[in-house]
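Peer 1: Provided below for reference: sequence and predicted model.
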Number of protein chains: 2
Amino acid sequence: MKRRQILAAAGVGLAATALAGCNKETETAAKPEGTASTEKFNWKMVTSWPKNFPGVGVGAENFAKRVNEMSDGRLTVKVYAAGELVPALEVFDAVSRGTAEMGHGAPYYWKGKVPAAQFFCALPFGPNAQEMNAWLHRGGGMELWEEVYKPFGVLPMACGATGVQTAGWFNKEIKSVDDFNGLKMRTPGLGGEVLTKMGGTVVNMPAGEIFTALQTGAIDATEWIGPYNDLALGLHKAAKYYYTPGWQEPNVTFELDVNLKAWETLPDDLKAIVRSAARAVNGDMLDDYNAKNMEAMEQLREQGVEVRRLPDEVLARLREVAAEVVDASAAADPVASKVWEQQSAYLNRLYEYAELNEKDIYNIRG
Amino acid sequence: MKRRQILAAAGVGLAATALAGCNKETETAAKPEGTASTEKFNWKMVTSWPKNFPGVGVGAENFAKRVNEMSDGRLTVKVYAAGELVPALEVFDAVSRGTAEMGHGAPYYWKGKVPAAQFFCALPFGPNAQEMNAWLHRGGGMELWEEVYKPFGVLPMACGATGVQTAGWFNKEIKSVDDFNGLKMRTPGLGGEVLTKMGGTVVNMPAGEIFTALQTGAIDATEWIGPYNDLALGLHKAAKYYYTPGWQEPNVTFELDVNLKAWETLPDDLKAIVRSAARAVNGDMLDDYNAKNMEAMEQLREQGVEVRRLPDEVLARLREVAAEVVDASAAADPVASKVWEQQSAYLNRLYEYAELNEKDIYNIRG
């Protein structure tokens, strides 16, 4: 209740949402006692991912498979790659309008429409996957997320995570903060705002153009995701250095979107199936990334990639700038502001506790 | 295939398993076209946990709830607390014999019968939750686990994790390795073997006796789980110091057991439901522990608990001894030996990669 009051006070109105065009076939045979509902639902899930995109694309397909199998075909989810029905960055809109009953994407892709969405996704020097999941599922995060999306007629669920990313591919060495002056780098979102404040120039482009831009020197550097996806894009063949750690994205959490009107037509067992499928994939995708990133890093090293660590003084400065950028981003929007206030307080408590255990477990390995 | 040959070479035979007494009611109405299967299954799940035990006990109940809801009551799982049907440490046996179709416990509880089980559970200076999950779900761990349990007629699934634990409650300060000489401590399993080699004395007892034993000085120290469960047991009222980090258990992974004969009677959709419910709880229980341990530690500090860190030289010696103990434990059993060989190789690769990203993300927080 309190959160609704907060959001109402922040001026969030309830926009009317057109009835989603639910694609539903009803087997209207009389329901004998003890027989499960025979109503069938054929749903579309639009995604931000190319077909079979390693990690997150495969994870979205896995979600659909789990739902199809668990529902014995009563809820079939057909997955669409980016661009097949709608472009990658229009997944949220498509679900909101009812063009598709479901969507899968990265929350920060629609931060232009929903500035608070970034906070459920990824923050520079922000939460890692475990911390984001603890805040979402026990710290009040999911409740806030649902409230933020409700006016758009969308129900969100956490459905996948990348784990810690890498800082990117560079053709210039980074030895001090001065090396950011004039650095042309492809890096979107809040990471890009940090780069700009450090004196660099953000150059954005679709994924398919990054390799050539690096090769020709149109950009000096790019970040992408992590070893697993970066290897698939071949970026190591166009850049000299691979920098760690992924300060700009210690994790990216992905969202499953469900059109709220469509959601309400589902019987309880199918709702339960969607929820558990999303949670299963939320964990399974992270396992996939943790394993495959490790294996891909080994392959990159075997191919001669020079892995470097950003200097401490650079990281310290990036951390200061990132804190300013995140605070400013939250302050620019009343809803984001209220989310960040609650989230940052909770995360700081998790970070403090992590010093004693999660972090120390790594320290004691010798 | 290779793993089967390895296990066969190690002398693991296929024991006959009595047909499980599946409690199954069949609504034998003719199945009209498009109607889902009406067969109902009423299963028992015995657990190692007291009723409503924080974290893992509640998680086991959550698993049953998910299955009941997703199956619309076609597979009802009734949860039994420890001692209601069978004692805590006999859960695996009960499922193996078919006394219950399902079980939930900690794998190392039956290491006497299945020495390899420890390796799917917890190891001193071993994997944290993310690393265990990556090995299990992408590194070949689950396949090995299924092979190890198959001769007993049991199908295992990872179903919950504690995350990093704490080193325990002490009424004596630990300033150097000498302070382990003569230390009487309640600490089971491999952690207990390490304590013995460090010069201490292992004293084991049921949970309900620990508080008094600490208070009277019958024991100088105990480890239990972490702040969340420890606070519930009131151990802070009987001990002066709370030591970190939980070197003896950087994580405990819990298992769902399913009687293999009962499993084969399930239609595919119910099998899929059980699998996704287990994966959902595998993640949700960890979120619960991560959040609640943080909150409980705050409460403990507010109550004046003195949190201490074990000295570096002590941790270094514990690490050496732990490596010997784990290797010896594996070497004592051919099946455990084969599991540890594959597991340790994979984990070492994960540990090395973690230095670059997971660990470094904590370092750069300043």
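Peer 2: Happy to help now that I have it.
Peer 1: Show me the strands in chain A, by range?
Peer 2: Remark: strands assigned in chain A by DSSP state E are A:24-25, A:40-47, A:75-80, A:102-105, A:154-161, A:168-170, A:184-186, A:201-202, A:221-222, A:241-244, A:253-259, A:306-309.
Peer 1: which one of those lies closest to chain B?
Peer 2: Nearest to chain B among the strands of chain A is strand A:241-244 (4.7 Å), distances taken as CB to the nearest CB. No exception for glycine: its C-beta is placed from N, CA and C like everyone else's.
Peer 1: Give the burial count for A:Gln342, as a bare number.
Peer 2: Residues lying near A:Gln342 (other CB atoms under 10 Å in any protein chain shown) number 18.
Peer 1: my bad, should have said A:Asp333
Peer 2: If you count neighbours by other CB under 10 Å, A:Asp333 ends up with 17.
Peer 1: and the gap between it and chain B?
Peer 2: A:Asp333 is 26 Å from chain B, where distance means CB to the nearest CB, to the nearest Å.
Peer 1: so what pLDDT did the nearest residue to that residue once chain neighbours are set aside get?
Peer 2: Spatially, and ignoring its direct neighbours in sequence, A:Asp333 is nearest to A:Pro115 (3.8 Å; CB to CB, 6 or more residues apart in numbering or on different chains). The model reports A:Pro115 with a pLDDT of 96.
Peer 1: Repeat that for A:Pro206.
Peer 2: 84.
Peer 1: try A:Phe120
Peer 2: Listed pLDDT for A:Phe120 reads 98.
Peer 1: how much space between it and A:Trp135?
Peer 2: To A:Trp135, A:Phe120 is 9 Å away according to CB to CB, to the nearest Å.
Peer 1: joint contacts of these two?
Peer 2: A:Gly141 (CB atoms under 8 Å, 6 or more residues apart in numbering or on different chains).
Peer 1: And the helices in chain A?
Peer 2: In chain A, the helices defined using DSSP state H lie at A:2-9, A:56-70, A:91-97, A:129-138, A:141-149, A:189-197, A:207-216, A:227-233, A:260-265, A:268-302, A:312-331, A:334-356, A:358-363.
Peer 1: So which elements touch the third one?
Peer 2: For helix A:91-97, the helices and strands in contact under the criterion 3 or more CB pairs under 8 Å, 6 or more residues apart in numbering or on different chains; DSSP states H and E are strand A:40-47, strand A:102-105, strand A:154-161, strand A:253-259.
Peer 1: Just give me how far that helix sits from the chain centre.
Peer 2: Put simply, helix A:91-97 sits 16 Å off its chain's centre (CA atoms, centre = their mean, to the nearest Å).
Peer 1: Now tell me what touches that helix from outside.
Peer 2: Contacts with helix A:91-97, where a contact means CB under 8 Å, 6+ apart, come from A:17-18, A:20, A:46-48, A:85-86, A:99-105, A:109-110, A:113-114, A:152-154, A:257-259.
Peer 1: Which pLDDT value does the model give A:Pro54?
Peer 2: With respect to pLDDT, A:Pro54 scores 95.
Peer 1: hang on, isn't it packed against A:Asp230?
Peer 2: No. A:Pro54 is not in contact with A:Asp230 according to CB atoms under 8 Å; the separation is 10.0 Å.
Peer 1: The two: who's more crowded?
Peer 2: A:Asp230 (27 against 20).
Peer 1: Nearest residue to that one in space, please, no chain neighbours.
Peer 2: Nearest residue to A:Asp230 in three dimensions, chain neighbours excluded: A:Trp224, at 5.0 Å (CB to CB, 6+ apart).
Peer 1: how far away is the one you found from chain B?
Peer 2: Distance from A:Trp224 to chain B, by CB to the nearest CB: 14 Å.
Peer 1: From B:Trp224, how far out is that residue?
Peer 2: The gap separating A:Trp224 from B:Trp224 is 44 Å, by CB to CB.
Peer 1: circling back to that earlier point, JSON lines please, covering the helices and strands packed on helix A:91-97 and showing distance to A:Gly189 and mean pLDDT.
Peer 2: Converted to JSON lines, the helices and strands packed on helix A:91-97 look like this (distance: least, CB to CB, whole Å; pLDDT from 0 to 100):
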{"stretch": "strand A:40-47", "distance to A:Gly189": "19", "mean pLDDT": "98"}
{"stretch": "strand A:102-105", "distance to A:Gly189": "14", "mean pLDDT": "98"}
{"stretch": "strand A:154-161", "distance to A:Gly189": "17", "mean pLDDT": "98"}
{"stretch": "strand A:253-259", "distance to A:Gly189": "14", "mean pLDDT": "98"}
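Peer 1: And those: which comes nearest A:Asp288?
Peer 2: strand A:154-161 (9.0 Å; CB to CB).
Peer 1: Residues contacting the closest one, please?
Peer 2: Contacts of strand A:154-161 (CB under 8 Å, 6+ apart): A:56, A:59-60, A:63, A:92, A:95-96, A:104, A:107, A:120, A:129, A:132-133, A:136-137, A:142, A:145-146, A:149, A:251-260, A:263, A:274-275, A:278-279, A:281-282, A:285-286, A:289.
Peer 1: Make a PyMOL selection of the buried ones in those residues.
Peer 2: Filtering these down to the buried ones (16 or more other CB atoms under 10 Å in any protein chain shown) takes a single PyMOL command:
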select buried, chain A and resi 56+59+60+63+92+95+96+104+107+120+129+132+133+136+137+142+145+149+251+252+253+254+255+256+257+258+259+260+263+274+275+278+279+281+282+285+286+289
